[in-house]
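[1] next come a sequence and a model predicted from it.
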Amino acid sequence: MTACWVAINGNKLLVTFVYAKWSLYEHWGLWNDLEALQIGSHPWLIMGDFNTIWEDGERIGGQSRPLAAIGEFNSCFNNCGVVDLDFHGGSMSWFNGHEGQIRKWAKLDRALVNVWQEPVHNSGLCNLVTKLKKVKIALKRWNVEEISISHIAKKRWLMEGDRNSKIFHAVVKQKLNSTMIESMVLEDGTVLESPEEIHEGAVRHFQNFLSTPTTRVVPDLSHLISVEISLEENECIVKEPSEMELKSALN
């Protein structure tokens, strides 16, 4: 683990780079080191290869990860007060390179932040600066017993209900942003951006799609079937046997 402070226009940001070992025992030391970092109210970015998954749904193939390992991972970042940062591209960042039944994928690389962010439309370093300025509420440290978005905490959440914690609302807002449709392009190239226009455009599209009659043309594939027997042989095969033939077959 490597940590460094970055100053951008007077704003201090702690950036922590992680490359975790595969051993669960060594994971515990790394999680303890991360929890020991006291950054106060400053923004914090943690990124790298954590060599473990947040929940069992972040893998394809192979054996399930021990619930204890997933729980330790979630507990660490619950205590650090960070949430998963949105990303683009494939959800699985690691592939073992094998074929067949031993092929495995997993999401081992991720970036986590400790603040809520509003969407901005700049690029490069300006994007980061704008997001830091638009921070509304710093997420406070919270305990795994209160709320967690891990596999284990999901079960507890169903039993205990909403405790109205700030981290719950942070995760809800993050998921809403990730599923929001910001624009829609029609077939004629028209771009719809407002929620009302996108709603009306989607309704019109599916109304036209579902109301347009479809015609199915069944192609003639008879020429692809080769003739194996003659017409006379076919009639001989399908005709009913005579009483004499049945008695002869039974004797």
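    Now that the structure is in, tell me what you want to look at.

[2] could you chop this protein up by domain?
    For the chain, the structural domains run 2-180, 182-211, going by automatic domain parsing.

[3] start to end distance for the last one?
    Spelled out, that is domain 182-211. End-to-end distance of domain 182-211 (Cα to Cα, to the nearest Å): 27 Å.

[4] so where's the stretch 101-250 of the chain uncertain?
    115-171, 177-178, 214 (pLDDT under 70).

[5] where do the strands of it begin and end?
    Secondary structure of the stretch 101-250 of the chain (DSSP state E, counting those that start in this stretch): strands at 105-106, 109-113, 184-185, 191-192.

[6] I'd like the ones you listed written out as CSV, with distance to residue 95 and mean neighbour count added.
    Backbone N, C-alpha and C define where each C-beta goes, glycine included. Below are those laid out as CSV (distance: least, Cβ to Cβ, whole Å; neighbours: other Cβ atoms under 10 Å):
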stretch, distance to residue 95, mean neighbour count
strand 105-106, 5, 18
strand 109-113, 12, 19
strand 184-185, 33, 13
strand 191-192, 36, 14
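
[7] mind checking which of the ones you listed is nearest residue 233?
    strand 105-106 (55.1 Å; Cβ to Cβ).

[8] show me which positions of the biggest helix by length in the chain end up buried.
    When every helix of the chain is counted residue by residue (DSSP state H), the longest turns out to be helix 195-211. Using 16 or more other Cβ atoms under 10 Å as the test for burial, helix 195-211 gives 198, 201.

[9] and it, what does it pack onto?
    strand 184-185 (3 or more Cβ pairs under 8 Å, 6 or more residues apart in numbering; DSSP states H and E).

[10] distance between the strand it packs on and the chain's centre?
    When C-alpha coordinates are averaged (Cα atoms, centre = their mean, to the nearest Å), strand 184-185 and its chain have centres 23 Å apart.

[11] ok, and what's touching it?
    Outside strand 184-185, the residues that touch it by Cβ atoms under 8 Å, 6 or more residues apart in numbering are 191, 192, 197, 198, 201, 202.

[12] can you pull out the helices in this structure?
    24-36, 67-80, 124-133, 151-160, 166-179, 195-211, 231-238, 243-250.

[13] need the winner for burial among those.
    Among the helices of the chain, ranked by average contacts under mean count of other Cβ atoms under 10 Å, first place goes to helix 67-80 (a mean of 18).

[14] what angle separates it from strand 109-113?
    Relative orientation of helix 67-80 versus strand 109-113 (axes from the mean of the first three to the mean of the last three Cα atoms, to 10 degrees): 30 degrees.

[15] now for helix 67-80, which elements pack on it?
    Counting contacts by 3+ Cβ pairs under 8 Å, 6+ apart, helix 67-80 packs against helix 24-36, strand 44-49, helix 151-160.

[16] report the rounded mean pLDDT for that helix.
    Helix 67-80 shows a mean pLDDT of 84.

[17] next, the angle from that helix to strand 44-49.
    Helix 67-80 runs at 150 degrees relative to strand 44-49, counting by the same axes, to 10 degrees.

[18] quick one: contacts for the residue most central in space within the chain?
    Geometric centre of the chain, nearest residue: residue 91, 5.4 Å, by Cα atoms, centre = their mean. Residue 91 sits next to 58, 107 when contact means Cβ under 8 Å, 6+ apart.

[19] could you check how far it is from residue 53?
    11 Å (Cβ to Cβ, to the nearest Å).

[20] report the set of residues contacting both of the two.
    With contacts taken as Cβ under 8 Å, 6+ apart, residue 91 and residue 53 have residue 107 as neighbours in common.

[21] just list whatever residues bridge to residue 110.
    Note on residue 110: beta-bridge partners by DSSP bridges are residue 48.
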